[in-house]
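Asks: Can you look at this prediction? I've put the sequence above it.
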Amino acid sequence: MAKALTFLLAGLVIFVGGSTSGVGMVLEAQDDRRVLAEGVRTTGVITKVEFYTDRRRHSYKDLTVYFLTEDRRVYGKRTLERYYDHIEGSKSTVADQMHGEKRVVFYDRSDPGNSVIEGATQPFTVAYLVIMLAAGFGAAFIRSGWVGLRRRQA
């Protein structure tokens, strides 16, 4: 019975947690699209380039882009881009080349902190995939737990 109950609870956590996370990603993607469509276009400058490698050994460039709003205030936005050393060259060379590079930035006039760097929007596909996987795995665990509990009662 404890095993069935564990499966049931794990399924609920996976289902609710994963679905909530996926819905948050969808909302973020929708907001990115809105800012791109309705936001103010400006040019930002890359002021900082750092590198890191994730657990799967994928390397990324962590870029900080500063931009100026219509009312002359400065805001910053961070974004990640994949880094391929065999294509782009050494980290120091890439950092030197990118420092000072211009990027197109769109920002929300009423909230300039809500900004999007062109080409760095949250994809809908990943968000929907997270929702589908969470719902699928969560439902499978819930079903296993439920069937296990029903067998114990019979």
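Replies: Alright, I've got the coordinates.
Asks: check contacts around Ser19.
Replies: Listed by CB atoms under 8 Å, 6 or more residues apart in numbering, the contact set of Ser19 reads Ile131, Ala134, Ala135, Gly138. Just so you know, the C-beta spots here come from the backbone N, C-alpha and C atoms, and that holds for glycine as well.
Asks: pLDDT score for it?
Replies: pLDDT recorded at Ser19 is 88.
Asks: can you tell me the helix or strand for it?
Replies: helix 2-38 (DSSP states H and E).
Asks: Tell me which residues of that helix come out buried.
Replies: 4, 7-8, 10-11, 14-15, 18-19, 22, 25-26, 29, 32, 35 (16 or more other CB atoms under 10 Å).
Asks: circling back to that earlier point, now, which of the contacts of Ser19 lie within helices?
Replies: Residues of the contacts of Ser19 located in helices (DSSP state H): Ile131, Ala134, Ala135, Gly138.
Asks: now those residues in JSON lines, with pLDDT?
Replies: Converted to JSON lines, the ones in helices among the contacts of Ser19 look like this (pLDDT from 0 to 100):
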{"residue": "Ile131", "pLDDT": "89"}
{"residue": "Ala134", "pLDDT": "91"}
{"residue": "Ala135", "pLDDT": "90"}
{"residue": "Gly138", "pLDDT": "90"}
